[in-house]
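Engineer: A structural model of the following input is requested.
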Amino acid sequence: MSAPAAEREATGVFSPGRARILARTLRVDRWWLSPLLTVLGLSAFIIYATVRSFVRSAYWVADYHYLTPFYSPCLSESCVPGSSHFGTPFPELPMWIPLGFVVLPFLLGFRVTCYYYRKAYYRSVWFSPPACAVAEPHSRYTGETRLPLIIQNAHRYFFYAAVIVSLINTYDAITAFHGKGGGFGFGLGNVILLVNVILLWTYTLSCHSCRHVTGGRLKHFSAHPVRYWMWSQVSKLNTRHMQFAWITLGTLVLTDFYVMLVASDTISDLRFVG
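Structural biologist: Numbers count the residues shown, from 1 in each chain. This next block holds a predicted model:
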């Protein structure tokens, strides 16, 4: 018997203490459906977000100051006039660099190292394991102790960056209350931008790292009533972290798609004021 095979025989569901079952699983339900839907959903978002991040078109509506979150903040001289809310400290960028390059790596890191997303792609992409009571194909498990998975331990630092990005998205949503002729304006795009940023905040603040920051190290809650209250509220959000993770993928796509349609003059923004 080869060394990898011998190692496999001594671990997981094939260990000596487990029943000798030749079948990969005895489950007769559609256990494969959940990981399949997960990988399809994640793949669809990755493809859409990647394409939109590189096309450099229809991301800014000058009349109403709508800026898609995929391009925020836009800090290069390559950005269309008006879309750079924080100036243009960077020169013209080659086409292979997305205009949102400053924050996209941090947002990607925050999502990839997220506790829920780890579970999602560990199961659906790496089959580790694909489902309960289903044998995984790997012969050994090293945990998050070496590259690349050791980077998962940086999740709390990506959380700090995500908070800053959420503040920027909030600023974008507020400045978008702009009328076509100047002054205050309000339309359907504002509703979409505002709902998106609120949901992004709920996803960010429901993060396990946020729960740890607010009260994870406290030994006596009674001595810290304010932090205990904050920890309690974050804990309530944390029970819905998975739902917020998926909902915000949807709202990001919806927000970007709506801004793209308006910016390209495919549709007109439904205006309520201004």
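
Engineer: For the chain, which helix or strand comes out least confident on mean pLDDT?
Structural biologist: One helix or strand of the chain scores below all others by mean pLDDT, DSSP states H and E: helix 3-9, with a mean of 53.

Engineer: just checking, next helix/strand downstream of that one?
Structural biologist: Where DSSP states H and E defines the elements, the next helix or strand beyond helix 3-9 is helix 33-55.

Engineer: so what secondary structure elements neighbour that following helix?
Structural biologist: helix 115-124, helix 241-263 (3 or more C-beta pairs under 8 Å, 6 or more residues apart in numbering; DSSP states H and E). C-beta here means a position set from N, CA and C on the backbone, and glycine is covered the same way.

Engineer: and residue 149, which of those is closest to it?
Structural biologist: Proximity to residue 149 (C-beta to C-beta) singles out helix 115-124 among these, at 8.9 Å.

Engineer: can you give me the strands for the stretch 151-274 of the chain?
Structural biologist: Ranges of strands within the stretch 151-274 of the chain are 186-187, 271-273, based on DSSP state E, counting those that start in this stretch.

Engineer: CSV for these, including mean neighbour count, mean pLDDT and distance to residue 81?
Structural biologist: Below are these laid out as CSV (neighbours: other C-beta atoms under 10 Å; pLDDT from 0 to 100; distance: least, C-beta to C-beta, whole Å):
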stretch, mean neighbour count, mean pLDDT, distance to residue 81
strand 186-187, 21, 94, 21
strand 271-273, 13, 94, 22
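
Engineer: Can I get these in a markdown table including distance to residue 135?
Structural biologist: A markdown table is the format used below for the strands of the stretch 151-274 of the chain (distance: least, C-beta to C-beta, whole Å):
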| stretch | distance to residue 135 |
| --- | --- |
| strand 186-187 | 54 |
| strand 271-273 | 56 |
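
Engineer: closest to residue 49 out of those?
Structural biologist: With C-beta to C-beta as the criterion, residue 49 lies closest to strand 186-187 of the strands of the stretch 151-274 of the chain, at 24.5 Å.

Engineer: where do the helices sit along the stretch 151-274 of the chain?
Structural biologist: Under the criterion DSSP state H, counting those that start in this stretch, helices of the stretch 151-274 of the chain are mapped to 155-175, 188-205, 208-215, 225-238, 241-263.

Engineer: OK, contacts around the residue nearest the centre of the chain?
Structural biologist: Taking C-alpha atoms, centre = their mean, the centroid of the chain lies closest to residue 111, which sits 4.0 Å from it. Contacts for residue 111 (C-beta atoms under 8 Å, 6 or more residues apart in numbering) come out as 117, 245.
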